[in-house]
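**Q** here is a sequence with its predicted model. Questions after.
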Amino acid sequence: MSQLKSDEIQLDNLTINWTGPSLDEGKMPALFYFALTGFESLTLDPFNQIVQFLHGKKIRIFSLTLPGHGEKLSPTKAIAFWAEEIKQGKKLIDEFIQDAKRAITHLESLELISKLCAAGLSRGGFIAAHLAAQDPRVDSLLCFAPMIDLAYMSEFDTLKNDPYVQKMHLSNLIDDLANRPVRFYVGNRDARVGTRNCFDFIEALTEKSFEKNRNLIPSELILKPSIGRDGHGTSPETFKDGAEWICKNLL
């Protein structure tokens with residue numbers, strides 16, 4: 001796998017990183033992908049492997065810098081940063097989602113996107129799910145080893161009962177996600193985000209889809225043998241499989 005280049009679109013104080021076919025080609029399907037900073041999500045191996053597997057497809061890929069990432073910030077301390085910000089009363093998840101929605105609106109105004117998928121890795125999957133739930137312009141959702149519950153993370157040990165932390169649990173998004181394709185990948189023993197958390201979420205989402213439609217929307221959970229620290233890694237084969245799923249939904 002190799003490193004890719006990315007470009008930028010500026011929207012006030014917001015930087016939208018992007019890669020893919022030239023903007024001169026007009027509207028086309030798009031993926032919003034979240035992992036680290038916007039630049040790293042699109043260019044840094046192995047976090048950008050989904051981007052690499054989509055290289056050459058008629059799909060533009062956009063990204064924004066997640067909270068707790070960027071210059072002088074260590075990605076290994078990002079969740080601790082989230083916990084401290086929330087402890088101080090800041091609604092940083094909501095603020096980020098508003099920025100992401102604003103970015104989508106801007107890209108629409110430039111006539112650069114048509115059908116849209118949101119995707120993310122770990123904390124990026126958590127963000128992608130919140131974006132999809134809050135923005136009906138997102139047609140499908142793909143998550144690799146996503147965080148489900150902030151309170152499950154060790155960094156939030158002292159905030160387990162915080163109302164905002166509880167509100168951010170992905171189970172609160174189920175009603176809004178029950179009408180579109182969703183696919184999760186997770187290791188069969190992911191001790192970081194919790195394999196059981198992912199299973200419970202997809203099971204509840206499937207039941208809600210059936211309750212609302214009596215026609216099952218394809219909500220999927222794919223278990224893979226755990227790799228990496230705490231079983232929280234994602235293999236190239238999994239990213240490749242996810243890229244094929246995106247192509248099926250967008251092209």
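**A** Cool, the structure landed.
**Q** and the strands in the protein?
**A** Along the chain, counting by DSSP state E, strands occupy 7-11, 14-19, 28-34, 60-63, 113-121, 140-144, 182-187, 219-224.
**Q** chain center to the first one, what's the gap?
**A** Spelled out, it's strand 7-11. Chain-centre distance of strand 7-11: 20 Å, with C-alpha atoms, centre = their mean, to the nearest Å.
**Q** what's in contact with it?
**A** Strand 7-11 is touched from outside by T15, I16, N17, W18, T19, R102, A103, H106, L107, L110, with contacts defined as C-beta atoms under 8 Å, 6 or more residues apart in numbering. Placement of C-beta: from N, CA and C, glycine included.
**Q** how about the contacts made by the fourth one?
**A** Same thing as W18. Taking C-beta under 8 Å, 6+ apart as the test, what W18 contacts is S6, D7, E8, I9, L42, R60, I61, F62, S63.
**Q** which of the residues you listed count as buried?
**A** Buried by 16 or more other C-beta atoms under 10 Å: S6, I9, L42, R60, I61, F62, S63, out of the contacts of W18.
**Q** and which of these is nearest to I50?
**A** When those are compared for distance to I50 (C-beta to C-beta), I61 wins out at 8.3 Å.
**Q** just grab the bridge partners of the closest residue to the closest one other than its chain neighbours for me.
**A** In space, I61 comes closest to L31 once its chain neighbours are excluded; the distance is 4.7 Å by C-beta to C-beta, 6 or more residues apart in numbering. For L31, the beta-bridge partners under DSSP bridges are I61, C117.
**Q** contacts only, for L31.
**A** Counting by C-beta under 8 Å, 6+ apart, L31 touches L54, I59, R60, I61, F62, L116, C117, A118, A119, I246, L250.
**Q** one more time with 6 Å
**A** For L31, the contact set (C-beta atoms under 6 Å, 6 or more residues apart in numbering) comprises I59, I61, C117, A119.
**Q** repeat that for L216.
**A** S209, F210.
**Q** what pLDDT does it get?
**A** We have a pLDDT of 73 for L216.
**Q** where in this protein is pLDDT low?
**A** Scanning the chain with the threshold set as pLDDT under 70 gives 1-3.
**Q** can you pull out the helices in it?
**A** Ranges of helices in the chain, per DSSP state H, are 38-43, 49-54, 78-87, 92-109, 123-134, 163-167, 174-177, 195-213, 236-250.
**Q** buried residues, the first one. List them.
**A** When you say that, I think you mean helix 38-43. Result for helix 38-43 [16+ other C-beta under 10 Å]: buried residues G38, F39, E40, S41, L42, T43.
**Q** check the longest one too.
**A** The neighbour-count criterion (16+ other C-beta under 10 Å) identifies T195, N197, C198, D200, F201, I202, L205, T206, K208, S209 as the buried residues of helix 195-213.
**Q** ok, and the closest non-adjacent residue to the third one?
**A** Translated: C198. V186 (4.4 Å).
**Q** then the first one?
**A** Closest residue in space to T195, ignoring its immediate chain neighbours: V186 at 5.5 Å, by C-beta to C-beta, 6+ apart.
**Q** list the contacts of that neighbour.
**A** V186 sits next to A145, T195, C198 when contact means C-beta under 6 Å, 6+ apart.
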